[in-house]
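Novice: got a predicted structure plus its sequence, pasted below:
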Amino acid sequence: MPFKADPVTITAEERAELREMSLSRSLPAGDVFKARLILMLAAGRSYAEIRQRLETSSPTISQWKKRFVEERIPGLMEVRHPGRKATVITPRLQARVLAATRRKPKDGSTQWSVRKLAQELSISKDAVHRIWRKAGIKPHRLERYMASNDPDFETKAADIIGLYLNPPQHAAVFCVDEKSAIQALDRLDPVLPLSPGRAERHGFEYYRHGTLSLYAALDVNTGRVHGKTAARHTSEQFVDFLDQVVGLCKPKQEIHIILDNLSAHKTKKVAAFLQEHPQVKLHFTPTYSSWLNQVEIWFARIEREVIARGIFTSVKDLARKLMRYIRGYSKNARPFQWKYSDLNKRIKL
């Protein structure tokens, strides 16, 4: 009859930390083993099942069970450093580690590593790792942002968001922009296709056939995209594209176009076009706020699905494949559910 271990009682917080430790790929294998062992004891598993599942012995199970009952999770990490006690993580130590993390290292490097900060503070790297994990700190990660310096940011942003959430009745709303200098790259080496256990592989060397620009107008109401390729992005090409966008709409229909502050969008030719088409109104995004333009979301998609891994034998081939994608996309297009929900993420200067 298998010996049934007395279940170990653990708190919800300990269970969450042990589960995270048991799935970790960065912690030593010994720590992962102990976390799994305690979780199995907490689930009421028998010694026989634990021995078989973890390939261990009954004395080892009893040893770590006793250590956990007496010292909890810190006790599981002590034996890896013979002669040294596990670091007890107190609120004062947490504050000390977090304060040191916000300072730059003295050796000239740009961020701390677990081992470097542990050596600086004369504590164990496991303590630093656990404090960082609890605080959600990842010094190796970097996020970039761009803050608008437009004094009329609130007014312009509210105008554009209003067009998304409550557009004028019977009006058409388009998000327009151009993706310039798209390279027609042709791989010199054959592509090795995807296979089990191996990702698709491209050679490093390529031949550049040239570049082109892609104009796109995203219909906010339907999600469909109208596109046009051009050798260069000039004011003449932009006005010609606006004329195509107007041609998509009913005669004299009110048209609102959201676009950025590129100089080609504010020339005399554009002004003359607006005089000829009084039903068209341009809405410029605030400076450094391209994220307000929904077509940028679509540009990221075509970059990911067509351009980044595409192989193009000529500029014409690039244009043909871009337009083929646009036609296919528009057949099943759906409008973006655009929203800005987390006000805490706004960057303020």
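Specialist: Ah, there it is. If you're wondering where the values come from, they're calculated on a predicted model, not measured in any experiment.
Novice: need the nearest residue in space to Q294, chain neighbours excluded.
Specialist: C175 (4.5 Å; C-beta to C-beta, 6 or more residues apart in numbering). To be clear about C-beta, it is placed using only N, CA and C from the backbone, and glycine gets the same treatment.
Novice: what's around the one you found, how many residues?
Specialist: Number of residues near C175 (other C-beta atoms under 10 Å) recorded here: 28.
Novice: ok but it is inside a strand, no?
Specialist: Yes: going by DSSP: H, G, I helix; E, B strand; the rest coil, the assignment for C175 places it inside a strand.
Novice: which residues does it bridge with?
Specialist: The bridge-partner assignment for C175, based on DSSP bridges, gives L218, I258.
Novice: now for it: which residues touch it?
Specialist: The contact partners of C175, by C-beta atoms under 8 Å, 6 or more residues apart in numbering, come to A217, L218, V220, I257, I258, L259, N293, Q294, V295.
Novice: of those, closest to A29?
Specialist: For those, the residue nearest A29 by C-beta to C-beta is Q294; the value is 47.8 Å.
Novice: can you report phi and psi for the most centrally placed residue in the chain?
Specialist: Note on the chain: the residue nearest the mean C-alpha position is E143, at 9.3 Å, using C-alpha atoms, centre = their mean. Here the main-chain torsion angles of E143 (degrees, to the nearest 10) amount to phi -120, psi 140.
Novice: per-residue confidence for it?
Specialist: According to the prediction, E143 has pLDDT 86.
Novice: ditto for V32
Specialist: Per-residue pLDDT puts V32 at 86.
Novice: same question, I73
Specialist: Per the predicted model, pLDDT is 82 at I73.
Novice: repeat that for R84.
Specialist: Here, the pLDDT recorded for R84 equals 53.
Novice: can you check N332 too?
Specialist: What the model reports as pLDDT for N332 is 91.
Novice: try R198
Specialist: Looking at R198, its pLDDT is 88.
Novice: for it, name its beta-bridge partners.
Specialist: Residues in a beta bridge with R198, per DSSP bridges, are S195.
Novice: against I326, how distant is it?
Specialist: Spatial separation of R198 from I326 under the definition C-beta to C-beta, to the nearest Å is 32 Å.
Novice: the more surrounded of the two?
Specialist: Neighbours of R198 and I326, each counted by other C-beta under 10 Å, are more numerous for I326; the result is 21 against 9.
Novice: what's the helix or strand for the residue nearest to K134 when sequence neighbours are not counted?
Specialist: Setting aside the residues directly before and after it, K134 is nearest to Q94 in space (C-beta to C-beta, 6+ apart), at 7.7 Å. In the assignment (DSSP states H and E), Q94 maps to helix 91-102.
Novice: could you dump that helix to CSV, C-alpha only?
Specialist: Included here for helix 91-102 are C-alpha records, laid out as CSV according to Å, rounded to 0.1, in the frame of the first residue of the first chain:
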residue,chain,number,x,y,z
PRO,A,91,10.4,45.1,3.1
ARG,A,92,13.6,47.0,3.8
LEU,A,93,15.6,44.8,1.5
GLN,A,94,13.0,45.1,-1.2
ALA,A,95,13.2,48.9,-1.0
ARG,A,96,17.0,48.8,-1.1
VAL,A,97,17.1,46.5,-4.2
LEU,A,98,14.4,48.5,-6.0
ALA,A,99,16.2,51.8,-5.3
ALA,A,100,19.5,50.4,-6.5
THR,A,101,17.8,49.1,-9.6
ARG,A,102,16.7,52.6,-10.6
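Novice: which secondary structure elements does that helix contact?
Specialist: Secondary-structure packing of helix 91-102 (3 or more C-beta pairs under 8 Å, 6 or more residues apart in numbering; DSSP states H and E): helix 114-121, helix 125-135.
Novice: same list (those helices) but as TSV, adding mean neighbour count.
Specialist: As requested, these are arranged in TSV below (neighbours: other C-beta atoms under 10 Å):
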stretch	mean neighbour count
helix 114-121	16
helix 125-135	19
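Novice: of those helices, which approaches E13 most closely?
Specialist: helix 125-135 (9.6 Å).
Novice: quick one: average pLDDT of that closest one?
Specialist: Mean predicted lDDT for helix 125-135 stands at 90.
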